[in-house]
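K.L.:
Mind looking at a prediction? Sequence and model below.
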Amino acid sequence: MPLVASAPGRVNLVGEHTDYNRGLCLPLALPQRTTVTLTARDDGLLGLTSAQEQDGWEGSVDDRPSGWAAYVAGVVSALRNDGYDVPGFDAKIDSDVPLGAGLSSSAALECAVATGAAELLGLDLEAPDLRQRLVRACIHAENDYVGAPTGGMDQTVAMLGSRGHALLLDFEADAGPSVTPVALPLADAGLVLLVVDTRVSHSLTDGSYGDRRTESARAAEALGAASLREVSLADVDRIDDPVLRRRARHVVTENQRVRDVVSALGSGEWQRVAGLLDESHTSMRDDFEISCRELDLVVETARSAGALGARMTGGGFGGSAIALVPAGSLDDVRRAVTAAFVDAGLREPLHLVATPGDAARVDSVS
Ligand code: ADP
Ligand code: MG
């Protein structure tokens with residue numbers, strides 16, 4: 001049997017654009033995964049194919065491929081830079097994580113490759129800190145090799161996610177996020193976390209995501225703060241520039257919403273969780289300005305059709321929204337959202353049900 005490794009997509013319950021602001025977020029690993037089948041080769045080259053992409057790629061890491069192969073070559077390059085003697089390999093990739101839907105197919109791909117590479121090297125995935133090191137390599141791949149200026153949420157949850165749990169991630173420290181599993185007993189509460197992929201493609205490399213990152217840094221700088229993590233709501237009011245003030249207000253209130261959702265989950269107050277999801281959406285739509293017509297349509301329609309609360313999720317400008325739905329209303333909500341898209345002349349959206357899945361793992365070894 002060949003070496004097969006896999007890693008999950010993720011959906012973020014709350015805490016958007018907070019990771020690179022040294023803040024908090026609460027993602028969960030999805031049951032949808034990206035699988036990579038690896039065979040070592042002795043010429044040091046990579047030979048890559050994906051069931052999701054027409055063109056394969058073969059070459060050396062130094063060739064710096066563009067397109068999807070960069071996610072794989074970037075991980076190999078980052079691991080080699082970190083001192084791991086990763087051999088060349090052939091990799092066959094397949095995935096049921098939708099691509100470009102804000103559900104982090106990119107981190108699923110990176111983390112599946114990093115996990116497979118670790119196994120090729122004979123490393124013990126459960127050794128202390130190895131998963132964190134792989135996370136850092138995957139972040140390097142995405143930031144420095146692909147050129148997508150994302151924070152570390154996606155790779156952290158793909159590598160460290162825990163079945164039945166969301167992960168509270170706190171990015172305050174330089175060394176990397178602290179990770180605390182938070183139980184998410186959706187089924188016990190009679191609830192479903194519905195994910196709606198609008199199929200409006202977002203691109204993290206087209207500049208809008210990076211603009212928010214720059215604006216966040218400028219807002220902190222306007223207050224003489226190292227990051228928006230240290231800033232209070234009273235501080236935010238002292239920012240003169242109205243755009244930067246709104247950006248900062250989103251980040252500061254969003255961090256608080258993450259804390260509040262964790263506390264509401266702890267006491268089983270799902271209605272309160274739902275209200276916080278609604279507030280998060282308003283903040284992203286009006287203050288951070290990363291929503292779009294299709295995301296707003298999902299959120300409003302889902303709520304009218306019986307969802308307790310809903311918000312866009314992921315980097316924004318397209319991608320997916322989530323809705324917290326009583327199990328008995330799931331079909332109504334799905335139907336209503338699809339009908340609203342058809343009425344508006346939009347492509348039918350894709351529906352997924354999110355249950356918290358497993359972290360990256362080796363599935364079989366040759
Ligand atoms: P998201 O992570 O939200 O799905 P990104 O824009 O960050 O969106 O990453 C999507 C890109 O990652 C794809 O356009 C492709 O280049 C690459 N990718 C992800 N999954 C795969 C896959 N299974 N096969 C090939 N490339 C993939
Ligand atoms: Mg991504």
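P.N.:
Here it is on my side, so go on. Numbering: from 1, shown residues only. Ligands and ions are numbered 1, 2, ... in the order given.
K.L.:
in the stretch 251-366 of the chain, which spans are helices?
P.N.:
270-282, 293-304, 330-343 (DSSP state H, counting those that start in this stretch).
K.L.:
Pass me the low-pLDDT residue ranges in this structure, would you?
P.N.:
Low-confidence segments of the chain (pLDDT under 70): 1, 202-206.
K.L.:
Can I get the helices of the stretch 251-366 of the chain in TSV including mean neighbour count?
P.N.:
(C-beta placed from N, C-alpha, C; glycine too.) As requested, these are exported to TSV (neighbours: other CB atoms under 10 Å):
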stretch	mean neighbour count
helix 270-282	20
helix 293-304	21
helix 330-343	17
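K.L.:
Relative to ligand 1, which of the ones you listed is closest?
P.N.:
helix 293-304 (13.6 Å; CB to the nearest ligand atom).
K.L.:
okay, the angle between that closest one and helix 270-282?
P.N.:
160 degrees (axes from the mean of the first three to the mean of the last three CA atoms, to 10 degrees).
K.L.:
Can you check what angle separates helix 293-304 from helix 330-343?
P.N.:
140 degrees.
K.L.:
Is helix 293-304 positioned near ligand 1?
P.N.:
No - applying CB under 6 Å from any ligand atom, one finds helix 293-304 out of contact with ligand 1, separated by at least 13.6 Å.
K.L.:
what separates that helix from the chain centre, distance-wise?
P.N.:
Remark: helix 293-304 is offset 21 Å from the chain centroid, using CA atoms, centre = their mean, to the nearest Å.
K.L.:
Remind me what it packs against, helices and strands.
P.N.:
strand 191-197, strand 309-313, strand 320-326, helix 330-343 (3 or more CB pairs under 8 Å, 6 or more residues apart in numbering; DSSP states H and E).
K.L.:
which secondary structure elements does the shortest one contact?
P.N.:
Secondary structure elements in contact with strand 309-313, counted by 3+ CB pairs under 8 Å, 6+ apart, are helix 270-282, helix 293-304, strand 320-326.
K.L.:
Would you format the helices and strands packed on helix 293-304 as JSON lines with distance to Leu123 included?
P.N.:
JSON lines is the format used below for the helices and strands packed on helix 293-304 (distance: least, CB to CB, whole Å):
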{"stretch": "strand 191-197", "distance to Leu123": "33"}
{"stretch": "strand 309-313", "distance to Leu123": "33"}
{"stretch": "strand 320-326", "distance to Leu123": "33"}
{"stretch": "helix 330-343", "distance to Leu123": "42"}
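K.L.:
Out of those, flag the one nearest Asp237.
P.N.:
strand 309-313 (24.7 Å; CB to CB).
K.L.:
relative to strand 191-197, how tilted is that closest one?
P.N.:
Per the same axes, to 10 degrees, the angle that strand 309-313 makes with strand 191-197 is 40 degrees.
K.L.:
Show me what strand 309-313 is in contact with.
P.N.:
Residues outside strand 309-313 that contact it (CB atoms under 8 Å, 6 or more residues apart in numbering): 11-14, 16, 102, 195, 273-278, 280-281, 284-285, 290-291, 295-296, 298-299, 302-303, 319-324.
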